[in-house]
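K.L.:
with the sequence up front, the predicted model follows.
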Amino acid sequence: MQNHKTTPRSEYDEAWKSLIEAFTADFFDFYFPALYNRIDFTLPVEHKDKELQKIFSKSYHTHKVADKLIAVTLKNGKKSILYIHIEVQGTRKKDFAERMLHYHTRIKDRYNHDILSVALLTDGSSKNINNVYQFKFEEFEYKFTFPYKKITDFKDQGELLLTLQNPFALVTYSLLEWHTCNKEQQKKLDLKTRLTILLLEKGFSEEYIRVLFNFIDWVIKLPIDIDKKFENTVLNYQENKKMAYINTFERLHGAEWMMKGKIEGEINGEKKVLLRQLKLKFFISEHDEDIIQNCNDTSKIEEASDMLILGKEKDEILEVLRNNL
């Protein structure tokens, strides 16, 4: 079972980027309404993600973040570059405001434009952060302040979020509920099923459903056997209701399950090879074998194989695999 701590940054990045690109106006309307009222969304929005990649190297971020860089026209006719920084943090970092200033400055240097920076925090913490970076020495003073939102700001709205048409209401509800599930697979299955059926019932377009479902699917990761239960429940519901999106749903999810099956098959193959090699050199008890079989982290299995080649002892090798449990 994957969660936000182990999901690759690229998945996190793409999940949010797809949402914001598909529903740019809705993003600002929901999280930053004052800014939404200043932007002329009747005019095209330019997405500058490729430019952003040139400014920041792949290794630039040390935390899970998703960045969007867009160019918008304000209602006064002035063009502005808007930087959106979305971050999920298990631990709030004290230098967050300083990092936001650094991102802001790098982008301004690149474009020589007015830059607006905003941040969305998607972890489950209700604590506020310091959104001001200030430096003062004698008569010199520098101050940088950016607006931010936390998904927990919407916690009190609860079920009301599900009645709103804005897609980010459903996104926010999904994250809030996900944080309450902990490691309980049944709760996650129930939540994913409920949200998907709700999404289908709202009568949205196929593209709308695709983007939102992909996000829900990213947030609520389930093992493949439980995910199949999810599929059966939703498809049966669609058939009973004679809904129009059965094929769309199958297309969306079927490809992912094929990939999951392929990955799980590769992991099982690597575990078999490692187990066979260990048995050639050491006595492997049933307990030892359980440790190997319960490890589903490919990188750990590969590390254990390398350690075996380097002549490490059995206990050292098993400890690497055990740390994954």
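P.N.:
Right, received. Where do you want to start?
K.L.:
what's in contact with stretch 305-322?
P.N.:
The contact list for stretch 305-322 (C-beta atoms under 8 Å, 6 or more residues apart in numbering) reads 270, 273-274, 277-278, 281-282, 284, 288, 291-292, 295, 300-301, 303-304. In short, each C-beta sits where N, CA and C put it, glycine included.
K.L.:
and these, which of them are in helices?
P.N.:
Members of the contacts of stretch 305-322 lying in helices (criterion: DSSP state H): 270, 273-274, 277-278, 281, 288, 291-292, 300-301, 303-304.
K.L.:
against residue 170, how distant is the closest residue to residue 181 other than its chain neighbours?
P.N.:
For residue 181, ignoring the flanking residues on the chain, the nearest one in space by C-beta to C-beta, 6 or more residues apart in numbering is residue 187 at 4.4 Å. Using C-beta to C-beta, to the nearest Å, we find residue 187 at a distance of 18 Å from residue 170.
K.L.:
higher neighbour count, these two?
P.N.:
Neighbour totals were compared for residue 187 and residue 170, and residue 170 leads with 21 against 15 (other C-beta atoms under 10 Å).
K.L.:
so which helix or strand takes in the more buried one?
P.N.:
Element membership for residue 170, per DSSP states H and E: helix 167-181.
K.L.:
what average pLDDT does that helix get?
P.N.:
Averaging pLDDT along helix 167-181 yields 92.
K.L.:
quick check: what element follows that helix along the chain?
P.N.:
Per DSSP H and E, the first helix or strand lying C-terminal to helix 167-181 is helix 185-201.
K.L.:
check which element follows that following helix along the chain.
P.N.:
Going down the chain from helix 185-201, the next helix or strand is helix 206-219, by DSSP H and E.
K.L.:
what is that following helix packed up against?
P.N.:
Helix 206-219 sits against helix 9-22, helix 167-181, helix 185-201, helix 246-281, with contacts defined as 3 or more C-beta pairs under 8 Å, 6 or more residues apart in numbering; DSSP states H and E.
K.L.:
stretch 158-173: how far from the chain's middle?
P.N.:
Distance of stretch 158-173 from its chain centroid, counting by C-alpha atoms, centre = their mean, to the nearest Å, is 18 Å.
K.L.:
for it, buried residues please.
P.N.:
Of the residues in stretch 158-173, 161, 166-173 count as buried by neighbour count, 16 or more other C-beta atoms under 10 Å.
K.L.:
how about residue 30, nearest residue that isn't a chain neighbour?
P.N.:
Closest residue in space to residue 30, ignoring its immediate chain neighbours: residue 168 at 4.0 Å, by C-beta to C-beta, 6+ apart.
K.L.:
so the one you found sits right up against residue 25, yeah?
P.N.:
No - if you go by C-beta atoms under 8 Å, residue 168 and residue 25 don't touch, sitting 10.6 Å apart.
K.L.:
returning to that earlier point: contact partners of the helix holding residue 170?
P.N.:
Helix 167-181 is contacted from outside by 19, 22-23, 26-27, 30-31, 122-124, 151-152, 154-155, 161-162, 164, 187-188, 191, 195, 198-199, 208, 211-212, 215-216, 219-220, using C-beta under 8 Å, 6+ apart.
K.L.:
tilt between that helix and helix 206-219?
P.N.:
Taking axes from the mean of the first three to the mean of the last three C-alpha atoms, to 10 degrees, one finds helix 167-181 and helix 206-219 inclined to each other by 20 degrees.
K.L.:
for PyMOL, what selects the buried ones among the contacts of helix 167-181?
P.N.:
Here is the PyMOL selection string for the buried members of the contacts of helix 167-181, based on 16+ other C-beta under 10 Å:
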select buried, resi 19+22+23+26+27+30+31+122+123+124+151+152+154+161+188+191+195+199+211+212+215+216+219+220
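K.L.:
residue 303: neighbouring residues, count only.
P.N.:
A count of neighbours around residue 303, defined by other C-beta under 10 Å, yields 15.
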